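>>> Here is my input; please provide its structure:
(one chain, ligands or ions: 1)
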Amino acid sequence: MKNILITGGAGFIGCHTAKKLMELGNNIIIIDDFNDYYDVGFKRERVKALLNGKESKIYEIDFTDYSEIEKVFKKEKIDQICHLGARAGVRYSIINPFIYEKVNILGTLNLLELAKNYEIRHFVAASSSSVYGNNKKIPFNENDEVNEPISPYAATKRAMELLVYNYHHLYNLKTTCLRFFTVYGPWGRPDMAYFKFAEALMNNEEIEIFNKGEMRRDFTYIDDIVEGIIAALTKEFEFEIINLGNNKPVDLDYFIKSLEKNMGKIAKKNYLEMQPGDVKETYADIEKAKRLLNFEPKTNIEDGLKKFVDWFKDWKKV
Ligand SMILES: NC(=O)c1ccc[n+]([C@@H]2O[C@H](COP(=O)([O-])OP(=O)(O)OC[C@H]3O[C@@H](n4cnc5c(N)ncnc54)[C@H](O)[C@@H]3O)[C@@H](O)[C@H]2O)c1
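Residues are numbered from 1 along each chain as shown. Predicted structure coming up:
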């Protein structure tokens, strides 16, 4: 049994990860500020649904406040940090870049400092496929250059990776940065396109499709991501950056058709121009994840979407 601090534990990926780690017998400590980037009530509902009745400590605090989170490090014995808390989402980062800089960079620095000062042995952090920007070479490989982020969100995620490397170099902190590719599933993020499409379909509203639908995403099912995170927490590498994706990008049009089939409705579509900050395609090379983490995504898009829609209908009581 390990004592694992999960930041962003009320979030989509954090909450699923906490649930699984608890089932495996670990002691979980959560830091999450329950901010209102999306519905706070939904975050609370998610925590209740996934973690209710199980032993976990939840600190409702902001990790950009060093002295506040230091109290947790003084009180709790922590073996590992699983840093999943962040400001996510490309579009809002263009509107409010300052909060992304504060949370994703300063917040990460706070946690790294505390990891150093309290001799935490291992730090896993959530990075993103967005660091690849408009990478022309596919699939995206961890050795590709990532010097041209096209949104503040992507820039802060890359900056976070560099800070993590720095703390490994200076203080021998064992670290892994995991680059997630478009994660979806039950209790997902309501600000993400697939979730908004499902809401719009249910309410017979129009869905907005950017770049006239000419986009491809390497959608990765939540359970596969959680397996990858847990493998990284188990392996405790010195320093690695690893893609976690499905390695099977799908066209947005195909994705929408599958969603329509599962929802039993046809969407009213509004085709729009490309949004600033968005990339046309994401595609993960997962050879490194296979080799180092035995990572093997098990859920194809058809099964994953069915699971998401089944949950969605149940949640909406349709
Ligand atoms: N979902 C995806 O497709 C995806 C893709 C790539 C990377 N990621 C990364 O994975 C991680 C988890 O993403 P998610 O989809 O679960 O997002 P999420 O927004 O559901 O979860 C993030 C959580 O962090 C919390 N948080 C934010 N700022 C905080 C602060 N200052 N102090 C304490 N808590 C704070 C939020 O309240 C939220 O519950 C993030 O780092 C995100 O950038 C996600």
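>>> show me what contacts A231?
With contact set as Cβ atoms under 8 Å, 6 or more residues apart in numbering, A231 has these partners: 293-295. All C-beta atoms are positioned from the backbone trio N, CA, C, and that covers glycine.
>>> let's go with 6 Å and repeat that
L293 (Cβ atoms under 6 Å, 6 or more residues apart in numbering).
>>> Regarding it, what is its secondary structure?
Following DSSP: H, G, I helix; E, B strand; the rest coil, the label given to A231 is helix.
>>> what's next to the longest helix along the chain, contact-wise?
Of all the segments of type helix in the chain, defined by DSSP state H, the longest one is helix 152-171. If you take Cβ under 6 Å, 6+ apart as the criterion, helix 152-171 is touched by 90, 93, 97, 100-101, 104-105, 108-109, 112, 116, 125, 127-128, 130-131, 146, 149, 173, 175, 177, 239.
>>> Contacting the ligand as well, which ones from these?
Among the contacts of helix 152-171, the ones lying near the ligand by Cβ under 6 Å from any ligand atom are S128.
>>> List buried residues within the contacts of helix 152-171.
90, 93, 97, 100-101, 104-105, 108-109, 112, 125, 127-128, 130-131, 146, 149, 173, 175, 177, 239 (16 or more other Cβ atoms under 10 Å).
>>> From those, which land in strands?
Residues of the buried ones among the contacts of helix 152-171 located in strands (DSSP state E): 125, 127-128, 175, 177, 239.
>>> which one of these is nearest K265?
Of all those, K265 sits closest to S128, with 30.9 Å by Cβ to Cβ.
>>> Can you tell me how far that closest one is from F195?
S128 is 17 Å from F195, where distance means Cβ to Cβ, to the nearest Å.
>>> Give the full set of residues in contact with the residue nearest to M263 when sequence neighbours are not counted.
Counting by Cβ to Cβ, 6 or more residues apart in numbering, L201 is the residue found nearest to M263 once chain neighbours are left out, at 4.6 Å. Taking Cβ under 6 Å, 6+ apart, we find L201 in contact with 263, 265, 267.
>>> Next SSE downstream of the helix or strand hosting L201?
In this assignment (DSSP states H and E), L201 forms part of helix 193-202. Using DSSP H and E, the helix or strand that follows helix 193-202 towards the C-terminus is strand 206-209.
>>> per-residue confidence at the residue of the chain found nearest the ligand?
Going by Cβ to the nearest ligand atom, the ligand is nearest to G11 of the chain, at 1.9 Å. G11 is assigned 98 on the pLDDT scale.
>>> do G53 as well
Reported pLDDT for G53: 69.
>>> that older thread, just checking, which of the contacts of helix 152-171 belong to helices?
Per DSSP H, the contacts of helix 152-171 map to helices at 90, 93, 97, 100, 108-109, 112, 116.
>>> Please name whichever of the residues you listed scores lowest on pLDDT.
V90 (94).
>>> What parts of the chain come near the ligand?
Neighbours of the ligand within the chain, by Cβ under 6 Å from any ligand atom: 7-8, 10-14, 31-35, 43, 62-64, 84-88, 103, 107, 126, 128, 180, 182-183, 189.
>>> Buried among those? Need that as a selection in PyMOL.
Only the buried entries of the residues of the chain next to the ligand go into this PyMOL selection, using 16+ other Cβ under 10 Å:
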select buried, resi 7+8+10+11+12+13+14+31+32+33+43+62+63+64+84+85+86+87+88+103+107+126+128+180+182+183+189
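>>> Show me which residues of stretch 12-22 are buried.
For stretch 12-22, by 16+ other Cβ under 10 Å, it's 12-22.
>>> should've said stretch 269-277
By neighbour count on 16+ other Cβ under 10 Å, the buried set for stretch 269-277 is 269, 277.
>>> Same check on stretch 220-238?
For stretch 220-238, burial by neighbour count (16+ other Cβ under 10 Å) applies to 220-233, 235, 237.
>>> Can you give me the neighbour number for the closest residue to K268 other than its chain neighbours?
Distances taken as Cβ to Cβ, 6+ apart place E206 nearest to K268, at 4.5 Å, with adjacent residues excluded. The tally of other residues near E206 (other Cβ atoms under 10 Å) stands at 11.
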